[in-house]
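*Asks:* Below is the structure, and that's it, no one-letter string:
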Ligand SMILES: [Zn+2]
């Protein structure tokens with residue numbers, strides 16, 4: 001399943017081709033992905049210019065000049081592919097690709113010769129169109145918490161979110177209503193960097209007066225760093241990928257604790273062994289020696 005850094009990588013990959021482009025043609029290869037496409041989907045997209053390519057949590061947001069925004073979620077296996085019409089030879093190209101063209105569900109032909117194709121074998125992704133001015137009220141976006149890559153996401157913001165919260169740090173950071181888009185993997189990684197045990201109470205991020213604590217600074221910095229490094233790593237994979245086949249969407253993550261149960265802690269001079277526990281039904285990986 002794509003994590004937030006992958007979705008951000010996809011956004012950055014698509015933006016140069018899509019920003020400012022006009023959608024000349026829309027090809028729907030089926031009536032639905034996870035849900036049916038909204039009514040008049042092709043008609044509402046055709047001829048529209050893409051004026052912004054944004055992201056909120058794990059949702060890609062393509063703002064159109066019609067006053068509507070195209071919302072895309074990649075689900076479990078969704079990805080985009082970019083091709084230049086002038087240079088591609090579809091028959092041959094498709095044979096060489098790892099992904100089966102029968103899973104190409106949506107094709108957007110842009111007026112700048114880019115063709116952007118949405119491929120989704122498991123079809124858990126979805127697309128919707130909604131008035132841009134009502135975007136925040138969309139059922140999928142309404143109630144989403146703070147955006148962890150936004151400039152205003154800091155220790156102060158964490159203190160406000162978690163003052164008095166009687167849940168663990170792990171559960172708290174996974175709560176999409178508080179922090180949006182952070183998945184299990186990156187919460188584990190961030191808490192390792194912040195040297196905090198995942199079972200500690202989230203309320204330690206604020207003091208008695210609700211002000212941010214040292215732990216809040218550590219967590220805010222860890223979340224930002226872990227996500228930005230992943231986006232950067234994804235960006236370099238993306239450059240290689242684009243040369244190869246123009247596919248956007250997935251890359252190899254490098255983890256320090258996630259999925260490393262029983263292995264030595266990678267922190268210098270720490271002799272801990274990575275443990276796995278279950279918290280709210282999800283696996284938590286951490287080092288009990290250096291995460292306190
Ligand atoms: Zn350790």
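*Replies:* Looks like it came in fine. What you see is a predicted model; the values in this text were computed from it and never measured.
*Asks:* Residue in the stretch 51-200 of the chain with the shortest distance to the ion?
*Replies:* Nearest to the ion, among the residues of the stretch 51-200 of the chain, is residue 192, at 7.8 Å (Cβ to the ion). (Each C-beta comes from the backbone N, C-alpha and C, glycine too.)
*Asks:* Look up how far residue 149 lies from the residue lying closest to that residue once chain neighbours are set aside.
*Replies:* Counting by Cβ to Cβ, 6 or more residues apart in numbering, the nearest residue to residue 192 once its immediate chain neighbours are dropped is residue 257, at 4.5 Å. The spacing between residue 257 and residue 149, counted by Cβ to Cβ, to the nearest Å, is 21 Å.
*Asks:* who has more neighbours, these two?
*Replies:* Neighbours per residue (other Cβ atoms under 10 Å) separate residue 257 from residue 149, with residue 257 holding more: 26 against 15.
*Asks:* Could you pull up the residues touching the more buried one?
*Replies:* Residues near residue 257 by Cβ atoms under 8 Å, 6 or more residues apart in numbering: 188, 189, 192, 265, 274, 285, 286, 287.
*Asks:* Need the phi and psi values for it.
*Replies:* phi -120, psi -30 (degrees, to the nearest 10).
*Asks:* Quick check: it vs the ion, distance?
*Replies:* Counting by Cβ to the ion, to the nearest Å, the gap from residue 257 to the ion is 9 Å.
*Asks:* related to what we said a few turns ago, helix or strand for the residue of the stretch 51-200 of the chain closest to the ion, just tell me which one.
*Replies:* Applying DSSP states H and E as the criterion places residue 192 in helix 184-193.
*Asks:* Same check on residue 105?
*Replies:* Assigned by DSSP H and E, residue 105 falls in strand 104-110.
*Asks:* May I have the strands that pair with whichever helix or strand comes after that strand, each with its orientation?
*Replies:* Later in the chain than strand 104-110, the nearest helix or strand by DSSP H and E is strand 114-119. In the sheet containing strand 114-119, its partner strands are strand 79-84 (antiparallel), strand 104-110 (antiparallel), by DSSP bridges.
*Asks:* Would you tell me what the next helix or strand after strand 114-119 is?
*Replies:* strand 126-131.
*Asks:* for the record, mean pLDDT for that next one?
*Replies:* Per-residue pLDDT values over strand 126-131 give a mean of 97.
*Asks:* try stretch 64-84
*Replies:* When pLDDT is averaged over stretch 64-84, the result is 93.
*Asks:* Show me which residues of it are buried.
*Replies:* Residues of stretch 64-84 classed as buried: 64, 68-75, 77-83 (neighbour count, 16 or more other Cβ atoms under 10 Å).
*Asks:* That one: how far from the chain's middle?
*Replies:* 13 Å (Cα atoms, centre = their mean, to the nearest Å).
*Asks:* Now do the same contact list for residue 48.
*Replies:* 22, 23, 64, 65, 66, 68.
*Asks:* If we use 10 Å, what do you get?
*Replies:* Contact criterion Cβ atoms under 10 Å, 6 or more residues apart in numbering gives 21, 22, 23, 26, 62, 63, 64, 65, 66, 67, 68, 70 as the residues in contact with residue 48.
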